[in-house]
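# Sharing a model prediction with you, sequence too.
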Amino acid sequence: MKTKTFTKSRVAAAVSVVLTAGILLPLQAQESDTALAEPQVEIIEVRGIRGSLARSMDVKRESSGVVDAISAEEMGKFPDTNLAESLQRITGVSVSRVNGEGSQITVRGFGPEFNLITLNGRQMPGTGFTRSFNLENLSSEGVSALEVYKTARAENPSGGLGATVNIVTAKPLSSPGEKMAIMGKAVHDSSNETGDDVTPEFAALYSNTFADDRLGVALTFSSARRDFQIQQANIQGWQANVPLPNNPQQVIDRRPVDGDGVPVGNYFFPKDMNYGIADFQRERTNGQLTLQYAATDNVIFTVDYTASRSLVGSESIGWGIWNNFGDNINAYELDEQGTAVFADISGDDGSFTASKGTTEVKAASIGFNMDWQVNDDLQVSFDFHDSNNKTDNGADKGSGNSGQVILGSDQLITKFYDYRSGEIPQASILWRNGTNELRPGEIDSNFSQFFDSPGESDVQQFQLDSTWYNSKFSIPLVKITAGVARTDQTLGGSNAWSGLRGGPGFNPSFAFVFPDGMFTRNNTGSFLDQFDGGGNALVSNYYYSYSYDEAVARQAAYLTEALLGDNAYVPDAFYGPYGESYVEEVTNSVYLQSDWEFEVVNFPVQLNLGVRYEQTDVTSTVLQDVERQVNWVSPSEWIMQYEEGDSNFLTLTGSHNMLLPMMDIRVDLTEDLVSRLSYGKTIARAPLGALGGGRSLSGSPKPGSRSGGQGNTNLQPFESTNLDLSLEYYYAPGSYAAIGYFHKSVDNFISNTITDITIEGLHDILNGPRYQQAVADIIARDEQPGDTAIFNQMLANGHGNANGEIEPTSADPLIVWSISQPQNSDTKKVEGIEAAWQHLIGETGFGFGINGTLVDGDVEFDVNSLTQQSPLVGLSNSANLQLFYEQFGWSVKLTYAWRDSYLIGVGQGQGSSDAPPQFAKEYAQWDLSVNKDITDNFTVFFEGINLTNETEQGYGRYERQFLFARQYGPRYILGARYRF
């Protein structure tokens, strides 16, 4: 094809055309007329990397607005083993990982809750009590294409402020005839220690048409299992400006000083330091059945059913220290930013934790579609689906819950935290036995706790669409499309917690319940050995492991109600507090859109105008527990007590209306050079936790963590006004270069305000008259008044109940609670540049693709401020590289994905009430795929994932505020595929 010549003046004229058209033409609705609406024959039949890249390029080139896509390389073979990891190959898309696999996506800096996932154009429910859809639970074998709509579409369901991702599956009538493929894999996860060294994966696909291609059926089934281990170190949270000791032994404080030589600025201490090893077994099963019937040449009925089930079982062992502050602190060292890099802290305990649980995620979607070509000018379609997604962390058939058993001892002299060198902080303990190692016979019961938190998301949706094609009027109008839809989305969940079982806090002692032979001593030689400071370099280079089931059985048999009363060891999540929360959103919508084609100054112009109107009603229903008092049950544990009897449901309502206009303009500057301008509004609805009404207080309100939350059912959605400009050069078959600029201005940004309140009847033992008397008694003996000493002194003074707990009295002051509530607030802006280059190197078989995204905005977290903040999470630069060779039956692909450091979220599990941040360090991963065609129908392949054994790390306000380090290991896959 001959390329038209062009000059600077013609380009300037074209830009003028784009801007003029956007200003002068009336705002109408539009619909993109792309091949994406119906997967074409080539999507599932043309094989190979080059074919996949070429189809994806064609989708991008022919679409209205900014759209990217990934196509299957052949029937049953998607470019990556995981859909999320395939999506990260798209410019501007980065992934967050769970268990070493891509799970959810961030697009142009907007995280999972800001992106909408659809299946064949249908809105999918989030996973459990969330709007976010976990892509790792959906097999890639049955997927034909992934479409990422980065600009507004009137025809798309709302909710994709960052992007709308459409998962496309094959339809049998689109590819007539019989087709079948089977695939088997053997998976070796190098991290595995307790499971099978090799686990299987299997997939089968079948498609056929009958009765002169009027009846079609397509069936996909896949099953996969993975056994793996995660090694990690964690700090649950950092506390700001904690009480400091009156007479510390040694202090090194590197903070800047004022004119009087007094250090200035905030300071921070870690609440704990713990290490852990978790062994997982995951099973995933997917299935899809599609039936189609062409009743006439103009009417096609489609019924489809998609189901998936993921079952993840885990058993883990952990060990570490717990810290309280004030006179517990003996010595410390602060760096220039006020972060403790060394601390000598007395009191509390060192413990070994065994955890066990099974989480099940089940999703199902059934849909019906009728497509009717009424005549040459009118097409009507009706679509309905009923979809749900359920998750339950209490799927263990034996217990019905997940749990933790914490054993250890408080018989220590002091604990040390040291992060002055290496990548892993060191934690060690000087025990009263005179050594740095606890003996098995000294291990006692601290406490156990059990959980069950199932969640469910349901979507019922119908859509009626009609398209009129203009064949009667000699105007530039191509077609008009209009539609109505109703979406009823219900999301809910419950939370059952046993409370702390088994006389928490080592007092009285039950060490004799656990025989020495129950514990196995292990060394840390291979633990976190990819990190500087891990493995044998750990100062405390041992840990004990033990059987979770045995520990539960021994305590349940001995720590009975007759012995402990209300503190009896009952391994049942429903023994303690219970809550439920539900949110229902009913959205009625209508849209109108139009497509126009014309020329201005000899430049072909495509214009798409559209508007969508939506009205949403929100109902929140919350089961409220009535708080009675907070007991001090052990030196390190404070537990909320609740009134007995039935709780009440609180129902609140809210609503919002949205008008969402959009405009796409495309100008072909030459036959190969395409320019685009897009404008539109998109929304993302408020997080479900924020919409839930009612007030909740911490069930374990330790000093420094007296916090709570209150929802706001009338929160308005995030509303983004978007502008996109791009230039794309398609210079050869399968090859192109593109650059684009985007700007998003987000109104109604949600921020949390913290209010300190007291609640009548909830008194605080801390600093009450009995507490102060205990402190005075300890000081009078010239001893250190740490929390353990104060607790024991209060018991000695006769202030304990029959269970050895301290209850508040009316003489104690009221507890001050820091209550966080979400509110719609200011406007924030994000802008960025995207660039991509895809090149096939002639007939050599070699090629590459490279892309990158730079993003910026006024949405960053101010790490130096202790005020409550609501930044945009997930904002980061990213880049991807793909190198490949495909010729002579070989298909080799090497991929690299990089994501810069980013904000994971706001709030830490045991952080102070200012809701400190969680940041992830930059991450990069290399993957390899090698395929060899033995015959035209038989292929063997090898895949390597995370070849260089990359690790993950996270931190708080500053990099020395360690939060986590995780080590997974590479995965290797050997398999074969046969096509019939």
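Everything's here; your move.
# pretty sure Ile945 is touching Ser929, no?
No - between Ile945 and Ser929 there is no contact, the gap being 9.3 Å when judged by CB atoms under 8 Å. In this view, the C-beta of every residue, glycine as well, is placed from N, C-alpha and C.
# and the residue lying closest to Ile235 once chain neighbours are set aside, what is it in contact with?
Closest residue to Ile235 apart from its sequence neighbours, by CB to CB, 6 or more residues apart in numbering: Pro270 at 4.8 Å. Counting by CB atoms under 8 Å, 6 or more residues apart in numbering, Pro270 makes contact with 235, 237-239, 323, 340, 343, 417, 425, 961-962.
# Quick check: bridge partners of Pro270?
Trp238 (DSSP bridges).
# and the gap between it and Phe352?
Pro270 sits 19 Å away from Phe352, going by CB to CB, to the nearest Å.
# do the same with Leu438
Leu438 sits 9 Å away from Phe352, going by CB to CB.
# now Asn433
Asn433 is 16 Å from Phe352, by CB to CB.
# Which element, helix or strand, includes Asp777?
helix 769-780 (DSSP states H and E).
# Can you tell me which helices and strands that helix packs against?
Packing partners of helix 769-780 (3 or more CB pairs under 8 Å, 6 or more residues apart in numbering; DSSP states H and E): helix 787-796.
# so after the helix it packs on, what's the next helix or strand?
Next in sequence after helix 787-796, counting helices and strands by DSSP H and E, comes strand 814-824.
# Parallel or antiparallel, list what pairs with that following strand.
Take DSSP bridges as the rule and strand 814-824 pairs in its sheet with strand 707-710 (parallel), strand 750-763 (antiparallel).
# I'd like those laid out as CSV, including distance to Gln868.
Shown next, in CSV, are the strands paired with strand 814-824 (distance: least, CB to CB, whole Å):
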stretch, distance to Gln868
strand 707-710, 11
strand 750-763, 5
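# Comparing those strands, which comes out most buried?
Using mean count of other CB atoms under 10 Å, the stretch among the strands paired with strand 814-824 with the largest mean neighbour count is strand 707-710, at a mean of 19.
# Only C-alpha atoms, please: export it in PDB.
What follows is strand 707-710, C-alpha atoms only, in PDB (Å, rounded to 0.1, in the frame of the first residue of the first chain):
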ATOM      1  CA  SER A 707      -9.600   2.800  66.600                       C
ATOM      2  CA  GLY A 708     -12.900   2.300  64.700                       C
ATOM      3  CA  GLY A 709     -14.700   3.000  61.500                       C
ATOM      4  CA  GLN A 710     -18.000   4.400  60.400                       C
END
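# Just the mean pLDDT for that strand, thanks.
Taken as a whole, strand 707-710 has an average pLDDT of 83.
# Show me where the protein has its helices.
8-24, 41-45, 49-62, 83-87, 548-558, 561-564, 688-691, 769-780, 787-796 (DSSP state H).
# Need the winner for burial among the ones you listed.
It is helix 83-87: most buried of those by mean count of other CB under 10 Å, with a mean of 24.
# For Ala551, give me its contacts.
Counted by CB under 8 Å, 6+ apart, Ala551 has contacts 354, 405, 407, 448, 514, 518.
# where does the stretch 401-550 of the chain have low pLDDT?
Within the stretch 401-550 of the chain, not a single segment meets pLDDT under 70.
# Please enumerate the strands of it.
Using DSSP state E, counting those that start in this stretch, the strands of the stretch 401-550 of the chain run over 402-409, 412-418, 426-431, 444-452, 455-469, 477-497, 520-523, 542-545.
# For Gly704, which of the ones you listed is the nearest?
Smallest distance to Gly704 across those (CB to CB): 16.5 Å, for strand 412-418.
# If you count neighbours, what's buried in the closest one?
For strand 412-418, the neighbour count (16 or more other CB atoms under 10 Å) marks 412, 414-418 as buried.
# and what of stretch 870-884?
Across stretch 870-884, burial judged by 16+ other CB under 10 Å covers 870-882, 884.
# again with stretch 205-217
Residues of stretch 205-217 classed as buried by neighbour count (16+ other CB under 10 Å): 205-209, 214, 216.
# Hmm, Ile683 is touching Gln716, no?
No - under the criterion of CB under 8 Å, Ile683 is not in contact with Gln716, lying 9.1 Å apart.
# Same drill for those two, tell me which one is more crowded.
More crowded of Ile683 and Gln716, by other CB atoms under 10 Å: Ile683, with 25 against 19.
# beta partners for the more buried one?
Glu719.
# I'd like the distance from it to Thr194, if you could.
Per CB to CB, Ile683 is found 46 Å from Thr194.
# same check, this time on Leu650
With distances taken as CB to CB, Leu650 is found 45 Å from Thr194.
# now do Glu959
Separation of Glu959 from Thr194 (CB to CB): 33 Å.
# same question, Glu315
Glu315 is 8 Å from Thr194, by CB to CB.
# what touches both of the two?
Common neighbours of Glu315 and Thr194, using CB under 8 Å, 6+ apart, are Asp279.
# and these two? which has more neighbours close in?
Applying other CB under 10 Å to Glu315 and Thr194 shows that Glu315 carries more neighbours, namely 19 against 12.
# tell me the contacts of that one?
For Glu315, the contacting residues are 194, 278-279, 354-356, 548, by CB under 8 Å, 6+ apart.
# What of Thr755?
The contact partners of Thr755, taken as CB under 8 Å, 6+ apart, are 818-819, 821.
# between these, which is closest to Asp787?
Nearest to Asp787 among those is Ser818, at 20.4 Å by CB to CB.
# So what pairs up with that closest one in the strands?
What pairs with Ser818, by the bridge criterion (DSSP bridges), is Ser707, Asp756.
# got a list of what the closest residue to Ala690 other than its chain neighbours touches?
Spatial nearest neighbour of Ala690, excluding adjacent residues (CB to CB, 6+ apart): Pro822 at 4.1 Å. Listed by CB under 8 Å, 6+ apart, the contact set of Pro822 reads 686-687, 690, 711-712, 715, 750-752, 870.
# Ile321 contacts Tyr417, doesn't it?
Yes - using CB under 8 Å, Ile321 is in contact with Tyr417, at 7.3 Å.
# what's the overlap in contacts for those two?
273, 345, 427.
# Of the contacts of Thr755, which is the nearest to Arg486?
Closest to Arg486, out of all of these and judged by CB to CB, is Gln821, at 31.1 Å.
# Number of residues surrounding that closest one?
Neighbourhood size, Gln821 [other CB under 10 Å]: 16.
# what about the residue lying closest to it once chain neighbours are set aside, distance to Gly849?
Distances taken as CB to CB, 6+ apart place Gln710 nearest to Gln821, at 4.5 Å, with adjacent residues excluded. Per CB to CB, Gln710 is found 48 Å from Gly849.
# can you check Leu840 too?
Distance of Leu840 to Gly849, given as CB to CB: 10 Å.
# Overlap in contacts, these two.
With CB under 8 Å, 6+ apart, Leu840 and Gly849 have common neighbours Leu53.
# Show me what the residue lying closest to Glu178 once chain neighbours are set aside bridges to in the sheet.
Leaving out its chain neighbours, the residue that sits closest to Glu178 by CB to CB, 6+ apart is Asn208, at 4.4 Å. Note on Asn208: beta-bridge partners by DSSP bridges are Val217.
# Among the buried residues of stretch 205-217, which one sits closest to Leu119?
So of the buried residues of stretch 205-217, ranked by how close each gets to Leu119 (CB to CB), first place is Leu205, at 17.1 Å.
# Run through the residues that contact that closest one.
Contacts of Leu205 (CB under 8 Å, 6+ apart): 75-76, 141-142, 179-182, 218-220.
# hmm, 7 Å instead?
Listed by CB atoms under 7 Å, 6 or more residues apart in numbering, the contact partners of Leu205 are 75-76, 141-142, 180-181, 220.
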